[in-house]
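A.B. asks: Next come a sequence and a model predicted from it.
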Amino acid sequence: MATMENVIVLVNRIQRACTVLGDHGGGDGTASLPTLWEALPSVAVVGGQSSGKSSVLESIVGRDFLPRGSGIVTRRPLVLQLHKTEDGVQEYAEFLHMPKRRFNDFALVRKEIQDETDRLTGKTKQISPVPIHLSIYSPHVVNLTLIDLPGLTKVAVEGQPESIVQDIENMVRSYVDKPNCIILAISPANQDIATSDAIKLARDVDPTGERTFGVLTKLDLMDKGTNALDVLEGRSYRLQHPWVGIVNRSQADINKNIDMIIARRKEQEFFASSPEYSHLSSRMGSEYLAKLLSQHLEAVIRARIPSITSLINKTIDELESEMDHIGRPIASDAGAQLYLVLELCRAFEKIFREHLDGGRPGGDRIYGVFDNQLPSALRKLPFDRYLSLQNVKRVISEADGYQPHLIAPEQGYRRLIESALNYFRGPAEASVDAVHYVLKELVRKSIGETQDLKRFPTLQAELAAACFHALERFREDGRKTTVRLVDMESAYLTVEFFRKLPQEVDKTGTGNPSTPPVDRYADAHFRRIASNVSSYIGMVSDTLKNTIPKAVVHCQVREAKRSLLNYFYTQVGRKDAKQLAQLLDEDPALMERRQQCFKRLELYKSARDEIDAVSWSRTGNPEPVKDVQGKTARGEKTGAPGFLPSDYTFVPARIESVSGRNKRKSRGTIVNL
């Protein structure tokens, strides 16, 4: 089995990596990202103001190092990581935000806690959920991690917002609500346990008491003739774990700078010599509390490691999938940027063509224009009104002028037909416009469906503008061509149609050539003319119903497939590096999301490597051989676990790595910029 030191130090390192990479629980503002912090076992110290919470922590450490004063002193969570060293090694402390400085003077530790709090919250009485990480190395401690939280309060004092009471409770709850959190509930013995803020909160989140350790402070300050045996022996409020009594240093001892080692000895003497508590002395005091918590934390960590490992592997896969979805970081050189722009354009064109060719929906709407809209528009043309008897008489009369026609009103026929053919311009141009709008909509749809383009709103806008400009040119060509088809029908009439008319007239009579001619001034004559013109117009309508779609497809659809971005490609090829960078200006929200995902991915990979390292040390496997990228076979990186300096970036790659029995794929590495 892994040693206690291994598993607790393991969690210490992962928690430090969590904070460095933005996952520190307590409502950190990145709720949309998976959190590893909440899966890690921790010990949260909870108590009301003036409950003796700071004194308990200092007794466990054996040093004065926490800020003191009235009101809210702890305004940010303090993650206190204790590391036991060999006897004789000088004690020192390190802050995560100052990794290169060792503090041997614990008065300076106290000052730095205060200063670091003020850096984030200002010199106010505001609170912040972002923790301060402090590691203390000493031969007088056990391996243990404690999270000191702001003291619970009931009223806001001057300088505090009215919401401070609820804000503090919300922050504390955000830690102790988690099922992996061990609650160290601090209550003063000289107050009724029923009024304890810590116990009240612990009962809300842990009603069975399985996660709660009760600590009773200030036992030496109780009124004479009273004791706390009902609490310490579990009769007043029962927990699954034994209550522990603590005797803190008095204010006079603090003022005199009484050594903590001496204070611990005095605490032991108090319990050993007390008539009320001597039978409990073996499980009372700060030293016993520290060992009890350390052993319990070890057991919890051992039990949780399999589920933590499973969570880590699952989340790594999810984050890597999202990173693939979001896309790679942009290269800085112009050649690579131009290549990326062209790749994105080709991806867009492929999707656009699929819409037109039927691989994706949308192209069928163009066929709908030809099969439904155009025939419907042709049927609705007002030829019945135009070829009314009255209008035919008027046109024929005007065409004859001062001398009436002798046999057939040829000029009248031509005027009737030419004027009627002008009506076809409307459906022809409407077909062009309808297809144009379908193509524009397919451009918008294709841009939206080109996944990698979503990263670049500027490029999307430029691409759309270039497409719309090209489609306008295609529409103009389509309009000219379809109108020219109509004009060609007007320019030259089909003679064969009219040559057949006398034969068709004979068929309507008796078939006798001597039949009397129709009076050319009678209504029947003009109706015959209207009927002939209507038939001719119908023939032309059938022709245009077939040729207009051909012209539209030739001028608009085919050109959209062939040369939609030709002009855009020419313009892009002339851009310099600065202009290309502007074109590839990503959506800030997407850039932020990628950065968050990348940090969280590095955190989980680092945690996986840490757990693997403990597994290897447990099984006694030899030190793994490093690969060409300086990473071990388990993916271990040099440097502080999980720490990613600002001058490093993520370069995607696919590297096969072997970890113990498991084979994993790494999707990237870190390189110096």
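C.D. replies: Everything's here; your move. Quantities reported herein were computed from a predicted structural model and do not represent experimental measurements.
A.B. asks: What ranges in the stretch 251-400 of the chain fall below the confidence cut-off?
C.D. replies: Under the criterion pLDDT under 70, the flagged ranges of the stretch 251-400 of the chain are 328-329.
A.B. asks: now the stretch 401-550 of the chain
C.D. replies: Filtered on pLDDT under 70, the stretch 401-550 of the chain yields the residue ranges 402-408, 501-514, 516-521.
A.B. asks: Quickly list the domain ranges of the chain.
C.D. replies: Domain assignment for the chain, taken from the TED database, gives 41-316, 334-503+520-585.
A.B. asks: and residue 607, which of these is closest to it?
C.D. replies: Distances from residue 607 to each of those were compared using C-beta to C-beta; the minimum, 5.5 Å, belongs to domain 41-316. Just so you know, the C-beta spots here come from the backbone N, C-alpha and C atoms, and that holds for glycine as well.
A.B. asks: about what we covered before: I'd like the domains of the chain as a markdown table, with distance to residue 10 and mean neighbour count appended.
C.D. replies: Putting the domains of the chain into a markdown table (distance: least, C-beta to C-beta, whole Å; neighbours: other C-beta atoms under 10 Å) gives the following:
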| stretch | distance to residue 10 | mean neighbour count |
| --- | --- | --- |
| domain 41-316 | 7 | 18 |
| domain 334-503+520-585 | 37 | 16 |
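A.B. asks: what would those domains look like in a markdown table with distance to residue 612?
C.D. replies: Converted to a markdown table, these look like this (distance: least, C-beta to C-beta, whole Å):
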| stretch | distance to residue 612 |
| --- | --- |
| domain 41-316 | 9 |
| domain 334-503+520-585 | 34 |
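A.B. asks: Indicate which one of those is closest to residue 325.
C.D. replies: Set against residue 325 and scored by C-beta to C-beta, the domains of the chain come closest in domain 334-503+520-585, at 7.2 Å.
A.B. asks: Okay, now that closest one: how far is its last residue from its first?
C.D. replies: Across its full length, domain 334-503+520-585 reaches 14 Å between end residues, using C-alpha to C-alpha, to the nearest Å.
A.B. asks: Would you mind measuring from the most centrally placed residue in the chain to residue 600?
C.D. replies: In the chain, the residue lying closest to the centroid (C-alpha atoms, centre = their mean) is residue 593, at 5.2 Å. Distance of residue 593 to residue 600, computed by C-beta to C-beta, to the nearest Å: 11 Å.
A.B. asks: closest to residue 613 out of the domains of the chain?
C.D. replies: Closest to residue 613 of the domains of the chain, according to C-beta to C-beta: domain 41-316, at 12.6 Å.
A.B. asks: distance between the closest one and the chain's centre?
C.D. replies: Shown here is domain 41-316, whose average C-alpha point lies 36 Å from the average C-alpha point of the whole chain (C-alpha atoms, centre = their mean, to the nearest Å).
A.B. asks: Where does pLDDT dip in the stretch 101-250 of the chain?
C.D. replies: Low-confidence segments of the stretch 101-250 of the chain, defined by pLDDT under 70, are located at 124, 158-159.
A.B. asks: Spell out the residue ranges of the helices in it.
C.D. replies: Taking DSSP state H, counting those that start in this stretch as the criterion, the stretch 101-250 of the chain carries its helices at 106-121, 164-176, 197-205, 229-232.
A.B. asks: Repeat that for the stretch 301-450 of the chain.
C.D. replies: Using DSSP H, counting those that start in this stretch, the helices found in the stretch 301-450 of the chain span residues 334-357, 364-368, 374-379, 383-386, 389-400, 410-421, 425-449.
A.B. asks: Format the CA atom coordinates belonging to the shortest one as CSV.
C.D. replies: Once non-C-alpha atoms are left out, helix 383-386 reads as follows in CSV (Å, rounded to 0.1, in the frame of the first residue of the first chain):
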residue,chain,number,x,y,z
PHE,A,383,-53.3,37.2,-70.8
ASP,A,384,-57.0,36.7,-70.5
ARG,A,385,-57.5,40.4,-69.9
TYR,A,386,-54.8,41.4,-72.4
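A.B. asks: Point out the other helices and strands that that helix packs with.
C.D. replies: Helices and strands touching helix 383-386, as assessed by 3 or more C-beta pairs under 8 Å, 6 or more residues apart in numbering; DSSP states H and E, comprise helix 410-421.
A.B. asks: make it 6 Å
C.D. replies: Under the contact definition 3 or more C-beta pairs under 6 Å, 6 or more residues apart in numbering; DSSP states H and E, helix 383-386 sits against no other helix or strand.
A.B. asks: do the same with the third one
C.D. replies: Using 3+ C-beta pairs under 6 Å, 6+ apart as the contact criterion, the neighbours of helix 374-379 among helices and strands are helix 425-449.
A.B. asks: Swap in 10 Å and give it another go.
C.D. replies: The criterion is 3 or more C-beta pairs under 10 Å, 6 or more residues apart in numbering; DSSP states H and E, and the helices and strands that helix 374-379 contacts are helix 425-449, helix 523-552.
A.B. asks: cool, the second one as well?
C.D. replies: Applying 3+ C-beta pairs under 10 Å, 6+ apart, one finds that helix 364-368 contacts helix 334-357, helix 425-449, helix 523-552.
A.B. asks: Out of those helices, which gets nearest to residue 295?
C.D. replies: It's helix 334-357; of those, that one is closest to residue 295 (C-beta to C-beta) at 56.1 Å.
A.B. asks: could you check the angle helix 425-449 makes with that closest one?
C.D. replies: Computed with axes from the mean of the first three to the mean of the last three C-alpha atoms, to 10 degrees, the direction of helix 334-357 lies at 130 degrees from that of helix 425-449.
A.B. asks: Run through the neighbouring helices and strands of helix 334-357.
C.D. replies: For helix 334-357, the packing partners by 3+ C-beta pairs under 10 Å, 6+ apart come out as helix 364-368, helix 425-449, helix 457-491, helix 558-563, helix 566-573, helix 577-583.
A.B. asks: I'd like those helices written out as JSON lines, with distance to residue 152 added.
C.D. replies: JSON lines is the format used below for the helices and strands packed on helix 334-357 (distance: least, C-beta to C-beta, whole Å):
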{"stretch": "helix 364-368", "distance to residue 152": "64"}
{"stretch": "helix 425-449", "distance to residue 152": "51"}
{"stretch": "helix 457-491", "distance to residue 152": "47"}
{"stretch": "helix 558-563", "distance to residue 152": "68"}
{"stretch": "helix 566-573", "distance to residue 152": "62"}
{"stretch": "helix 577-583", "distance to residue 152": "52"}
